[in-house]
Structures are given as C-alpha cells and as structure tokens.
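> sharing a model prediction with you, sequence too.
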Amino acid sequence: MKQKLCRKILTKWLGFSIDVTEAQPDKFIIALAPHTSNWDFIIGILYCRAMGFKCDFMMKKSWFFWPLGPLMRHLGGIPVERNKKMSLTDQMAKHAKEAEQFHLCITPEGTRKAVTEWKKGFYYIALKAELPILLYALDYKKKLISCKKTIIPNGNVEEQIAEIKEYFKDVKGKIPKNFAV
C-alpha cells in the first residue's frame, strides 16, 4: 500500500518520471545531485519508498531535534556533526562491511548552496568498504529521476570526482543557481 501510494504521489501528482538503468546490489552508496532544496529530501524518500527499498542518509545533527529527530531516524537519518573532525568515513565503512545490506544516500555538495568543492566522504566510505557509487540525478526541469552510471572507486580520487561532476553538469536542480560543478 505504502509503495503504491508513494509511487502515485511521485509520478502522478508530482509528475516525475524514473529512468534507472543501473542495478542495485545488496550494498551501495547513492551520490545524489543536485541538492538545491529541501524538496530533494522529500522526493528522495518518496522515490525509495516507491521503489521498495530503504536508504539511509546523513544529515546535519541540528535537524534531529524533537519532534523531528525520531522521525528522521525512522526514515534512515544518521545525525552528523559537521564541525567536528571524526573518523565518520571509517565508522560508516566498517558498518557497511559488517552489514548484510547497506544503502546510503549522500549529496556530494554537502549543502543546498552552490559550492564548487564537493565533499569527498561518500567516495572514501565507498572506497574503504569496496562499494559501488550509483549516480542519481534529480532533474527538476525534466521532472526526471535517473541513474545511468555506477562508479567503482579505485583510489584516484580527483579523477573520479571530476568524472562524477561531469555526469551531473547538465542536471537542473529545483533552484538552479544553487548548483555548481
């Protein structure tokens, strides 16, 4: 019931279409871009529920206040203190290796504002845990959710981050001026 309702809201009411050609293994990281609006979160949750899977996400700790905190955790939220240097990538990679299933969605920009220097934590988690990175584009202009490329991290960080940015360069976020590659 929930799955059908989420699909109806996403595709019929909001008008998004879905074009996903990449397979989803038991463990993966989704790099979702662009991230320009809080609507991206809602669309992402609807998509995952419509497709029948749960995907955890990392979000700044300040969003986990009462009464939102329990809801965010239920939806898969992992609170992160962005101002502290922690071995979060090591912790997440260890958790991914030990888990039977691991689905984590991260927005590489790390914020809804335009930034040219993307966060690399998603890449390092995938590299350390030996997980594929599925590139999911959320294009508001085309009303399209797509995933047509998977990156297998090989340690050549700068080259692969440039490849990831290139994949997203023509995608239009809800607030286009807030997206830069």
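Sure, I can see it.

> who are the packing partners of the worst-scoring helix or strand of the chain on mean pLDDT?
For the chain, scoring each helix and strand by mean pLDDT, DSSP states H and E identifies strand 77-80 as the least confident one, at a mean of 74. Contact here means 3 or more CB pairs under 8 Å, 6 or more residues apart in numbering; DSSP states H and E; on that basis strand 77-80 packs against strand 56-60. (C-beta placed from N, C-alpha, C; glycine too.)

> now the very next helix or strand once past the strand it packs on: how far from the chain's centre is it?
Using DSSP states H and E, the helix or strand that follows strand 56-60 in sequence is helix 68-75. Relative to the centre of its chain, helix 68-75 is centred 17 Å away, using CA atoms, centre = their mean, to the nearest Å.

> how about helix 68-75: buried residues?
By neighbour count on 16 or more other CB atoms under 10 Å, the buried set for helix 68-75 is 72, 75.

> what angle do it and strand 56-60 make?
Using axes from the mean of the first three to the mean of the last three CA atoms, to 10 degrees, the direction of helix 68-75 lies 150 degrees away from that of strand 56-60.

> state the mean pLDDT of helix 68-75.
Across helix 68-75, the average pLDDT comes to 77.

> now do stretch 26-36
Here the average pLDDT along stretch 26-36 is 96.

> go through the least confident helix or strand of the chain and flag the buried ones.
So strand 77-80, judged by 16+ other CB under 10 Å, has buried residues 77, 78, 80.

> and it, which strands flank it?
In the sheet, strand 77-80 lines up against strand 56-60 (parallel) (DSSP bridges).

> helices along this structure, start to end?
2-7, 39-51, 68-75, 88-98, 121-129, 157-168 (DSSP state H).

> mean pLDDT lowest where, among those?
helix 68-75 (a mean of 77).

> that helix vs helix 39-51, what angle?
Using the same axes, to 10 degrees: helix 68-75 against helix 39-51 is 40 degrees.

> okay, now the closest residue to residue 172 other than its chain neighbours: neighbour count?
Nearest residue to residue 172 in three dimensions, chain neighbours excluded: residue 141, at 3.8 Å (CB to CB, 6 or more residues apart in numbering). For residue 141, the count of nearby residues is 11 (other CB atoms under 10 Å).
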